[in-house]
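Student: I would like the atomic coordinates for the input below:
(chains A and B)
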Amino acid sequence: MTSTVSEVQEPAKPTLVVRPLTLNTFRYLYRCARAIKYIPGLGQRFLMDLYHQTILGWWWLVIRALLPTLGIIAIFQHVPAFKPEGLPYGLYVISGMLLWTILSTTLLRSTRSLRRTRGLAMKLAIPKLVFVLASAAIPLVYFCIFAAVLIIGIAIEYLSSGIMYLKFGWNLLLLPIPLGLVFLLCIGIASFTSVALLFARDARFIIPLVTQLWFYFTPIIYTIDIMPPSWQFVIMHVNPISALVEMLRWSLFGVGSWDALSLAVSATICLTVFLLGARFLMRTEWVLREIL
Amino acid sequence: MTKRVSSIVLAKTKDSVPKQRTKNRKPKLTPKPVSRPAIDIHSVSKWQGAAAHIGRFARNESLQMLIELAMTIRHVKGHRKGRADDRSLEPLLRGITVSIEKGSVVGVIDIGGQSRAALIRILGNSEAPSTGVVRFFGQVAAFGQLGASVYEYLTCRENLEFGARLVGLPRQDIRMALERVPEFSGLGELLDSPLRRVPKAKAADLGMSFVCCLDYDILIADELGRARSEKVETAWQDYLAQAPSRGQTIILGSNNVSRLEGPCTHLLLIKDAELLAYGPARAINKEHADFLAEARATPVATETQLVAGDEEDEEGELL
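Tutor: Here you go, the predicted structure:
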């Protein structure tokens, strides 16, 4: 060892304090915020795992993100009922997928987060919610891909037809609201499912099934107007994502039907699920090591 | 339950005051402690075993585990209060209170190994205590955490760098430590080889050398009894011997008690989950010779370890 200890006076405050686990959800969230420095390293770990030992490597991310969406656009643009008013179908679907990709990928990846890192999770006494949050690095990449494709799509439409579909104004300020709420909802759900997956692998089969069903109940590839009025009410006020998708389209293009009630319902559901998920994970941490 | 130890500690504190510091100290109205502790362990308890008393409710193992989870979550408040009367909870540590001085090499010894492992897990920030607080005064590096996530296809250097980043060490410190590793270990040529081509013993040596090269004030290490190359072993012994002069605090635990007695300046003894004694190794050796003999003779209980590692990523779903 070549290092020498300097004669500097030690700080009066402790550099690290190890405390018992908490039973207060908000204190737990505060501890998560303090452990934020772990997120870049963990996020990098999740990304590194993704396509190692593949020939195409990172290109798989682009292919996997875009291929299904391009397929949907190619087929359903020929269905007249699906076409929205005042917006090309391609932009309509990609803007919806911008939000949906956060939901589907976060649910899928965050559910696996604890199982994939359980060796590390058991050696690092930081809130397990940090692991679930860090796994959102993958959806973040997907989101960036869709955002880039959306910008390219808008530019192509502008160059070909001369119409700028992106509506510049204060509406763009609303953009983080649907994105943030969806993210909170997913992390909340994944807090439950990631623990469930540690015990029962059924979770990894259930999540894609539920996600696919959810996809059909969300106005992403079709407009809400084609549904009967009773279904419209259910889709907008029971499914928390619908209002957020519509709000996102409205904030981007000025197209979309959302009201204060549907947004309030969505926001309440998202926040409640997030807090319940964080609470569940917090209480689980006390006994996780014993049962595993 | 809490036991502040001991006359031995106080005597040591008086002896170990560096003369230079006392001479240079300016008179102040409020008297300051002679030396600030490196680690302050205050009333630390650890309880476990809530799941042990749950009966069999389902044939399916996964379902049984979920039921166990649901039932043990109910005991969380018992953990929190450290309720000794709750028969479902067994104590691993009970009211451990001790101040570890800067520059001590402390060996943690108990009978059976479970309390020692629990204390080192808590000190190494791998697990939270049920009650109590541990305060560290200085930068801490824990040996066990660094090897928690390794990739066969990355080089040893990349693995060390990545593992250290995962546990939150700053990039600058990691880079400086990696520069020192070849000199410390003599295994510089292996540092840039993929991990799958490096023998396990040498990879472990590299990991240990890396930890020793980190310029940190407090090192927590458990289970260092594996075989090492002669150069690394010598370097490690020198490292331990020079730790007090560098002002570095090291906490060691091992299944083999006799390995701890040589390098440690202090010993911390735990008996029946409570602190039996803490003090200079020589004094403890004299006072608690019977306990140490019993600890040497008792086989260490195999700790429940997670058998499965991290799960490989599986792809499949498109939407």
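
Student: what's near enough to touch A:Tyr142?
Tutor: Applying C-beta atoms under 8 Å, 6 or more residues apart in numbering or on different chains, we find A:Tyr142 in contact with A:61, A:65, A:101-102, A:105. For every residue, glycine as well, the C-beta is placed using N, CA and C.

Student: helix or strand: which one has B:Ala221?
Tutor: strand B:218-222 (DSSP states H and E).

Student: so which residue is dead centre in the chain?
Tutor: In the absence of a named chain, this looks at chain A. The centre of chain A sits closest to A:Ile102, judged by C-alpha atoms, centre = their mean, with a distance of 3.5 Å.

Student: correction: the question concerned chain B.
Tutor: Closest-to-mean residue, chain B, C-alpha atoms, centre = their mean: B:Ile120 / 3.4 Å.

Student: mind listing the strands for the stretch 151-300 of chain B?
Tutor: Taking DSSP state E, counting those that start in this stretch, the strands of the stretch 151-300 of chain B run over residues B:218-222, B:249-253, B:266-271, B:274-280.

Student: looking at those, which is buried most?
Tutor: Stretch with highest mean neighbour count among the strands of the stretch 151-300 of chain B: strand B:249-253 (a mean of 26; mean count of other C-beta atoms under 10 Å in any protein chain shown).

Student: show me what from the stretch 101-250 of chain A comes close to chain B.
Tutor: Contact residues, the stretch 101-250 of chain A versus chain B (C-beta under 8 Å from any C-beta of the partner chain): A:104, A:108, A:112, A:115-120, A:122-125, A:195-196, A:199-202, A:204, A:208, A:211-212, A:215.

Student: OK, contacts around A:Ser251?
Tutor: A:171-175, A:177-178.

Student: of the residues you listed, grab the buried ones for ChimeraX.
Tutor: The buried residues among the contacts of A:Ser251 can be selected in ChimeraX (16 or more other C-beta atoms under 10 Å in any protein chain shown) with this line:
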select /A:177,178
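
Student: okay if I get the contacts of A:Ser251 as a markdown table plus secondary structure and pLDDT?
Tutor: Listed next are those as a markdown table, based on DSSP: H, G, I helix; E, B strand; the rest coil; pLDDT from 0 to 100:
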| residue | secondary structure | pLDDT |
| --- | --- | --- |
| A:Asn171 | helix | 86 |
| A:Leu172 | helix | 89 |
| A:Leu173 | helix | 91 |
| A:Leu174 | helix | 89 |
| A:Leu175 | coil | 90 |
| A:Ile177 | helix | 93 |
| A:Pro178 | helix | 92 |
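
Student: let me have the contacts of A:Ser251 in JSON lines, adding distance to A:Glu85 as columns.
Tutor: Below are the contacts of A:Ser251 laid out as JSON lines (distance: C-beta to C-beta, whole Å):
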{"residue": "A:Asn171", "distance to A:Glu85": "18"}
{"residue": "A:Leu172", "distance to A:Glu85": "21"}
{"residue": "A:Leu173", "distance to A:Glu85": "24"}
{"residue": "A:Leu174", "distance to A:Glu85": "21"}
{"residue": "A:Leu175", "distance to A:Glu85": "22"}
{"residue": "A:Ile177", "distance to A:Glu85": "24"}
{"residue": "A:Pro178", "distance to A:Glu85": "21"}
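
Student: excluding covalently adjacent residues, which one is nearest to B:Tyr151?
Tutor: In space, and not counting its chain neighbours, B:Tyr151 is closest to B:Asn159: 6.1 Å by C-beta to C-beta, 6 or more residues apart in numbering or on different chains.

Student: can you give me the neighbour number for the one you found?
Tutor: B:Asn159: 24 surrounding residues under other C-beta atoms under 10 Å in any protein chain shown.

Student: hang on, it packs against B:Pro194?
Tutor: No. If you go by C-beta atoms under 8 Å, B:Asn159 and B:Pro194 don't touch, sitting 9.3 Å apart.

Student: buried ones in stretch A:62-71?
Tutor: A:64-66, A:69.

Student: so which of those residues belong to helices?
Tutor: Of these, the ones assigned to helices by DSSP state H are A:64-66, A:69.

Student: for the residues you listed, which one is nearest A:Leu271?
Tutor: A:Ala65 (27.9 Å; C-beta to C-beta).

Student: can you give me the pLDDT of that closest one?
Tutor: Note on A:Ala65: pLDDT of 82.

Student: give the contact list for it.
Tutor: So A:Ala65 contacts A:101, A:142, A:145-146 (C-beta under 8 Å, 6+ apart).

Student: and the ones in helices among the buried residues of stretch A:62-71, which two are the farthest apart?
Tutor: Spanning the widest gap among these are A:Arg64 and A:Thr69, at 10.2 Å by C-beta to C-beta.

Student: for the chain, longest helix please?
Tutor: By default, I'm working from chain A. When chain A is parsed with DSSP H, its longest helix is helix A:89-116.

Student: that's the wrong chain, I meant chain B
Tutor: Counting by DSSP H, the longest helix found in chain B is helix B:230-246.

Student: quick one: work out the angle between it and strand B:266-271.
Tutor: 100 degrees (axes from the mean of the first three to the mean of the last three C-alpha atoms, to 10 degrees).

Student: I'd like the average pLDDT over helix B:230-246.
Tutor: 82.

Student: and the direction of that helix versus that of strand B:218-222, what angle?
Tutor: Using the same axes, to 10 degrees: helix B:230-246 against strand B:218-222 is 140 degrees.

Student: where's helix B:230-246 relative to the chain centroid, distance-wise?
Tutor: A distance of 18 Å separates the centroid of the chain from that of helix B:230-246, by C-alpha atoms, centre = their mean, to the nearest Å.

Student: ok, now stretch A:209-221?
Tutor: 15 Å.

Student: list the buried ones in that stretch?
Tutor: A:211, A:214-215, A:218-221.

Student: how about the strand holding B:Ala221 and chain A, any contact?
Tutor: No. Against chain A, strand B:218-222 shows no contacts by C-beta under 8 Å from any C-beta, the least distance being 8.7 Å.

Student: pLDDT score for residue 153?
Tutor: All of this is about chain A. Among the per-residue scores, A:Gly153 shows a pLDDT of 90.

Student: chain B was what I was after
Tutor: pLDDT, read off for B:Tyr153, is 78.

Student: where along the chain do the helices fall?
Tutor: You didn't pick a chain, so chain A it is. Using DSSP H, helices in chain A cover A:25-34, A:39-50, A:59-76, A:89-116, A:118-121, A:128-134, A:137-161, A:176-199, A:202-216, A:229-237, A:240-253, A:260-285, A:288-291.

Student: I was thinking of chain B, sorry if that wasn't clear
Tutor: B:7-15, B:19-24, B:61-73, B:76-81, B:114-123, B:143-146, B:156-166, B:171-185, B:200-213, B:230-246, B:257-261, B:281-287, B:289-297.

Student: which of the ones you listed sits closest to A:Leu56?
Tutor: helix B:156-166 (21.6 Å).

Student: report the mean per-residue pLDDT for the closest one.
Tutor: Here the average pLDDT along helix B:156-166 is 83.

Student: that's all I had, so thanks and see you.
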